[in-house]
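Got a predicted structure plus its sequence, pasted below:
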Amino acid sequence: MFLCCFFKFNRSKGGKKVSKIFDEFKRLKSINNEKMYLFRCGKFYIFIDSDCDLINEYVVLKKVPFGSTYKCGFPENVLQQYLKVFNNHNLDIDVIENIEDKNNFDIKKFLDEIDINDITPIEALIKLEILKESVK
């Protein structure tokens with residue numbers, strides 16, 4: 001049985017969720033484009049965009065529109081079975097349970113660890129970029 005996570009793409013409701021997931025997908029792909037990312041979406045797990053196409057080369061999951069791209073997935077209660085299948089295919093997949101947890105870090109601790117007397121301008125710009133991304 002193959003099911004997908006269905007919710008309306010609606011700017012006032014689901015649009016923000018679509019955007020959060022897609023933004024996190026792009027961020028993660030920029031870090032490691034070789035991995036596939038499986039996102040928790042309510043009571044489902046979904047692959048989106050290029051990962052949706054790639055996973056369908058190994059396991060057939062129904063593709064449905066997801067904002068300006070596509071998604072495919074399965075219910076949360078069969079996650080372990082799918083992870084076994086993915087493992088049997090030697091697929092490198094990260095499961096993203098909660099986007100907020102992935103992006104949430106202790107800003108005070110981050111700032112406290114910066115030695116203002118021993119930081120290059122480039123390092124300072126990198127730190128500012130990290131802070132900028134963390135508050136989006």
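Right, received. Where do you want to start? Just so it is clear, the model here is predicted, and its values are computed rather than measured.

distance of N33 from Y58?
18 Å (C-beta to C-beta, to the nearest Å). Where you see a C-beta, it was placed from the backbone N, CA and C, and this is true even at glycine.

give me the low-pLDDT residue ranges for this protein?
Residues of the chain that meet the criterion pLDDT under 70 lie in 1-17, 100-106, 134-136.

which residues of it fall in helices?
For the chain, the helices defined by DSSP state H cover 14-31, 49-55, 79-88, 99-103, 107-112, 121-134.

Packing partners of the last one?
Translated: helix 121-134. Helix 121-134 is packed against helix 107-112, with contacts defined by 3 or more C-beta pairs under 8 Å, 6 or more residues apart in numbering; DSSP states H and E.

Return the distance of the helix it packs on from the chain's centre.
24 Å (C-alpha atoms, centre = their mean, to the nearest Å).

Buried deepest among the helices of the chain, which one?
Per residue and on average, the most neighbours among the helices of the chain fall to helix 49-55, with a mean of 18 (mean count of other C-beta atoms under 10 Å).

before we move on, back to that, in terms of neighbours, single out the busier of N33 and Y58.
Shown here are N33 and Y58; by other C-beta atoms under 10 Å, Y58 has more neighbours (14 against 9).

The nearest residue to the more buried one once chain neighbours are set aside: how many residues sit nearby?
Once flanking residues are discounted, Y58 sits nearest to H89: 4.9 Å by C-beta to C-beta, 6 or more residues apart in numbering. If you count neighbours by other C-beta under 10 Å, H89 ends up with 12.
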